[in-house]
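> My questions concern the predicted model and sequence given below.
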Amino acid sequence: MACLIAAPGKIARPATDRVKTDRRDAELLVRLLMAGQLSAVRVPSVREEACRDLVRAREDVRSDLMRARHRVGKLLLRHDRRFDGNNWTKAHRQWLNHVELDDSVAQAVLLDSVRAVDALLVRREALERQMAALVPDSPWAQTIGRLRCLRGIDTLSALGLAAEIGDFERFDRPGRLMSFLGLVPSEHSSGEKRRQGAITKSGSEHARRLLVEAGGTTDGARHTGASWLAARTVSPSTCARSPGRRSAGCTAPGSASTQSAQSAGPSSRSPSRASWQASAGRSPPPTDFAPQHDVGRGGGGHPALRASASATQL
């Protein structure tokens, strides 16, 4: 017997219907099912739920870390202690070790707040290592490789999107994927007047935040193909979304993909893949998750995956 799980938020109910009983609910569901007015939802597997819990656990730690850092910053401002430079860098952390407040109680609060920040950093690093180790054996390994072709999306962001969205194949066109994520404009039109407002913000707020942050990612410096290869050879790979922090999904210098890019000579007729991505400010995906199609340039893949490229322009 077939079982249909309907979305409760999309079940139509008259505004004047003030009586709710099990019999009336069953009759309403039968009528809507016969009329084809029920929207089915996809039930994730146990493995997918576990991956989603891991991604959201990292999101919770990220929010707690931001709040803890704000507490330290506001405490220092109340005592007129200011750092000449960017906060929460290596130099700023060393400066915090030498800050001494006039009151002993305030100094104890500062030390406790700094230790809370350090503890959250350790928790975040541990969760990110688990997420990076989960990618090769996850059911979205190929999807993650394709998503990493998009600007501003690395391994952790791609895993978060895959865990929140699930099966991309259930969206037959990009518009439905964007509607599922709440990235389409709201509308209240009637007659000849058309009124469009802000995005609907329906669906998963975690996936929506990842796409919006990826759209706002900009590269501070753009290199040519030769300078990019030289920089990749000398300096270790870092995360594009968090400069200074090593990314588990980036290709390390000296790997097979980097050596092949260095050995491949530039062509006068058509630029190589490495030089094209370097001119666009993007890094090539690792060999472990090399995509079969470049969805960022519309070269193939499922049409729903190409919707992320348009979402990065929001």
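Noted; the coordinates are in hand.
> what's the neighbour count on residue 72?
When counting by other C-beta atoms under 10 Å, one arrives at 20 neighbours for residue 72. Using the backbone N, CA and C atoms, a C-beta is placed for each residue, glycine as well.
> give me the element it is part of.
Per DSSP states H and E, residue 72 falls inside helix 46-78.
> tell me the mean pLDDT for that helix?
Averaged over helix 46-78, pLDDT sits at 94.
> same deal with stretch 12-20?
Averaging pLDDT along stretch 12-20 yields 88.
> before we move on, back to that, which elements pack onto the helix holding residue 72?
Here helix 46-78 touches helix 104-134, helix 155-165, helix 205-215, going by 3 or more C-beta pairs under 8 Å, 6 or more residues apart in numbering; DSSP states H and E.
> Spell out which residues make up each domain of this structure.
Domain ranges of the chain: 46-134, 139-188+196-219+286-314, per automatic domain parsing.
> Out of these, flag the one nearest residue 9.
With C-beta to C-beta as the measure, domain 139-188+196-219+286-314 is the member of the domains of the chain nearest residue 9 (8.7 Å).
> low-scoring stretches of the protein, by residue?
Low-confidence segments of the chain (pLDDT under 70): 215-314.
> Spell out, range by range, the strands that occur in it.
Per DSSP state E, the chain carries strands over the ranges 185-187, 196-199.
> Which one, of these, ends up nearest to residue 161?
The nearest among the strands of the chain, by C-beta to C-beta, is strand 196-199 at 16.9 Å.
> Which strands border that closest one, and is each parallel or antiparallel?
Paired neighbours of strand 196-199 in the sheet (DSSP bridges): strand 185-187 (antiparallel).
> hmm, who's touching the partner strand?
Contact with strand 185-187 is made by 194-200, as judged by C-beta atoms under 8 Å, 6 or more residues apart in numbering.
> could the domains of the chain go into TSV alongside distance to residue 23?
Shown next, in TSV, are the domains of the chain (distance: least, C-beta to C-beta, whole Å):
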stretch	distance to residue 23
domain 46-134	33
domain 139-188+196-219+286-314	31
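> TSV for the contacts of strand 185-187, including distance to residue 13 and neighbour count?
Output for the contacts of strand 185-187, formatted as TSV (distance: C-beta to C-beta, whole Å; neighbours: other C-beta atoms under 10 Å):
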residue	distance to residue 13	neighbour count
194	27	9
195	25	10
196	26	10
197	24	9
198	26	7
199	25	15
200	20	16
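> what's the neighbour count on residue 204?
Neighbours of residue 204 using other C-beta under 10 Å come to 19.
> correction: residue 48
Per other C-beta under 10 Å, the neighbour tally for residue 48 reads 19.
> Pull the contacting residues for it.
By C-beta under 8 Å, 6+ apart, the neighbours of residue 48 are 139, 163, 166.
> who wins for neighbours among those residues?
Using other C-beta under 10 Å as the neighbour test, these are led by residue 163, with 26 neighbours.
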